[in-house]
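>>> can't give you the sequence, but here's the structure:
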């Protein structure tokens, strides 16, 4: 069994966090990293820095505090030999590149899982969502976020990963999970 780092890629409400939690139960020594968790932590414990981070609107040459904390935790987890599951949108090519540059310094497989659902599915999921809007920094609600992500989202390049899966239908997830678990066991 070799190390594994899995990046979920997709718009809000595509099921990335749920998928990450399910995969983590089958892969020992897994760490789930999620920028929403970091944003809520900063908001709860470092409100003034969180507020500055919201105003900052970081670029990748001048990253946000949330992104810096995320990368620091990722690097630490990889140094410890953890299997990392990155459960956030990973929607920008530059951000993915920076994260992949960190990951590729360590042994193990990189897996990309691209949640590419039609927006109608995402809008329907938002209607039934219980997610806290406190994690949002650029939108007032998740519907608005979907529209903004449409304009800014940069699809992943499968060649950036050792293994790549594109999910276009939730019915595919069970089979993809099995394949990823088998990749981990190899």
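In hand now; what should we look at? None of the values given here were measured: they were computed from a predicted structure.
>>> C-alpha only now, for contacts and for neighbours.
Fine.
>>> for the longest helix seen in the chain, buried residues please.
If you go by DSSP state H, the chain has its longest helix at helix 65-79. The neighbour-count check on helix 65-79 (16 or more other CA atoms under 10 Å) flags 65-67, 70-71, 74-75, 77-78 as buried.
>>> and which of those is nearest to residue 112?
residue 74 (15.9 Å; CA to CA).
>>> the closest one: what's it in contact with?
Residues counted as contacts of residue 74 (CA atoms under 8 Å, 6 or more residues apart in numbering) are 33, 84, 102.
>>> of those, buried ones?
Counted by 16+ other CA under 10 Å, the contacts of residue 74 give 33, 84 as buried.
>>> okay, and which of the contacts of residue 74 map to helices?
residue 102.
>>> which of the contacts of residue 74 sits closest to residue 186?
Nearest member of these to residue 186, counting by CA to CA, is residue 84, at 16.7 Å.
>>> in stretch 174-186, what's buried?
Going by 16+ other CA under 10 Å, stretch 174-186 has these buried residues: 176-177, 180-181, 183-184.
>>> how far away is the residue nearest to residue 102 when sequence neighbours are not counted from residue 24?
Among residues not flanking residue 102 along the chain, residue 75 sits closest, at 6.6 Å (CA to CA, 6 or more residues apart in numbering). Residue 75 sits at a distance of 18 Å from residue 24 (criterion: CA to CA, to the nearest Å).
>>> now do the helices in the chain.
Counting by DSSP H, the helices of the chain are 16-24, 35-45, 47-56, 65-79, 93-103, 119-127, 142-152, 173-185.
>>> and of these, who's closest to residue 111?
Among those, the nearest to residue 111 by CA to CA is helix 173-185 (8.1 Å).
>>> show residues contacting that closest one.
1-4, 19, 23, 26-27, 165, 167.
>>> of those residues, just say which sits nearest to residue 118.
Of all those, residue 118 sits closest to residue 167, with 10.7 Å by CA to CA.
>>> perfect, I'm done here.
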